[in-house]
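In: Fold the stuff below for me.
(one chain, ligands or ions: 2)
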Amino acid sequence: MALVIGLTGSIASGKSTVSAMFHTLNIPVIDADKIAREVVEPNEKAYQEIVKEFGREVLFPDNTLDRKKLGSIIFSNDEKRQRLNAIVHPAVRNRMLEQKEALIVQGENCIVMDIPLLFESKLTHLVDKVLVVYVDESVQLHRLMARDESRAEDALERINSQIPVKEKTKLANAVIDNNGTQDESFEQLKEILREWNVF
Ligand SMILES: CC(C)(COP(=O)(O)OP(=O)(O)OC[C@H]1O[C@@H](n2cnc3c(N)ncnc32)[C@H](O)[C@@H]1O)[C@@H](O)C(=O)NCCC(=O)NCCS
Ligand SMILES: Nc1ncnc2c1ncn2[C@@H]1O[C@H](COP(=O)(O)OP(=O)(O)OP(=O)(O)O)[C@@H](O)[C@H]1O
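Out: Ligands and ions are numbered 1, 2, ... in the order given. Below is the predicted model:
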């Protein structure tokens, strides 16, 4: 039986960084953010629904989605965010499940599902163990603003659209404290995987 690990945290807590560490260890990762980009490409059903719901103003002149524009609309408005979630999340969930099944059929013994909104979307039943990547809120804000070159106001809107990462640690099977260096986080990850008998 494959062990399915749900990797989560909050925005900019370090999920992608830890996801890259799983790749280094040759453990496959299903990436919800990546799939969420694929399902809104212009030939997809979710794309049509987004244009119907939010109008052509969320498109670039070449008809691709202006993610920054859509983000500025949905992160400042709960209701609009829920409407976008209702369009995008079912398609993401289906594609994640297909990929999970394919990896199980291939005989993988450990599979990671990197799902930022694992708790918010009540998806914990999809995984066997939950691994939360934690950082203090001040570090999170700093890293988010640096990565996205965003203002504190916009970064805080995004942070506040999710359950606080501290709350998520209480619901986890294991926590990586990513306030330190990436090497320190990698050591924590390997220790957790040893405890879970992955290697
Ligand atoms: C609003 C969009 C277009 C903004 O795109 P952008 O390229 O700026 O951000 P990106 O997709 O890389 O997301 C960055 C992070 O934002 C957070 N986030 C994204 N969507 C949401 C959401 N609906 N609610 C709360 N947090 C979110 C996640 O932590 C994610 O890791 C995009 O995030 C989107 O389509 N969101 C809806 C789909 C979704 O929920 N994706 C997240 C996991 S499936
Ligand atoms: N231990 C660390 N030390 C310094 N910088 C780090 C560390 N871990 C991650 N970072 C940096 O912090 C930023 C956020 O990390 P990352 O992109 O991995 O977060 P995330 O949780 O995947 O974010 P999102 O929810 O937006 O997808 C990145 O710029 C990354 O390079």
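In: What segments of this structure are strands?
Out: Applying DSSP state E to the chain gives strands spanning 3-9, 29-31, 110-114, 129-134, 174-177.
In: I'd like these as a markdown table, with mean neighbour count, distance to ligand 2 and mean pLDDT appended.
Out: Just so you know, the C-beta spots here come from the backbone N, C-alpha and C atoms, and that holds for glycine as well. Shown next, in a markdown table, are the strands of the chain (neighbours: other Cβ atoms under 10 Å; distance: least, Cβ to the nearest ligand atom, whole Å; pLDDT from 0 to 100):
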| stretch | mean neighbour count | distance to ligand 2 | mean pLDDT |
| --- | --- | --- | --- |
| strand 3-9 | 24 | 5 | 98 |
| strand 29-31 | 21 | 9 | 98 |
| strand 110-114 | 23 | 8 | 98 |
| strand 129-134 | 24 | 6 | 98 |
| strand 174-177 | 20 | 9 | 98 |
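In: Please produce a markdown table containing the ones you listed, extended by distance to A86.
Out: Shown next, in a markdown table, are the strands of the chain (distance: least, Cβ to Cβ, whole Å):
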| stretch | distance to A86 |
| --- | --- |
| strand 3-9 | 20 |
| strand 29-31 | 21 |
| strand 110-114 | 21 |
| strand 129-134 | 24 |
| strand 174-177 | 30 |
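In: among those, which is nearest E44?
Out: Comparison of the strands of the chain against E44 by Cβ to Cβ identifies strand 29-31 as nearest, at 17.0 Å.
In: so what strands line up beside that closest one?
Out: strand 110-114 (parallel) (DSSP bridges).
In: quick one: the strand it pairs with to chain centroid distance?
Out: Mean-position distance between strand 110-114 and its chain equals 12 Å (Cα atoms, centre = their mean, to the nearest Å).
In: any idea how far ligand 1 is from E187?
Out: Separation of E187 from ligand 1 (Cβ to the nearest ligand atom, to the nearest Å) stands at 24 Å.
In: Quick one: closest of the strands of the chain to Q82.
Out: strand 3-9 (19.4 Å).
In: Could you count how many residues lie near the nearest residue to Q182 once chain neighbours are set aside?
Out: The shortest distance from Q182 to any residue other than its chain neighbours is 6.1 Å, reached at T17 (Cβ to Cβ, 6 or more residues apart in numbering). If you count neighbours by other Cβ atoms under 10 Å, T17 ends up with 17.
In: Wait, L84 touches A46, no?
Out: No. Counting by Cβ atoms under 8 Å, A46 is not a contact partner of L84; they are 9.4 Å apart.
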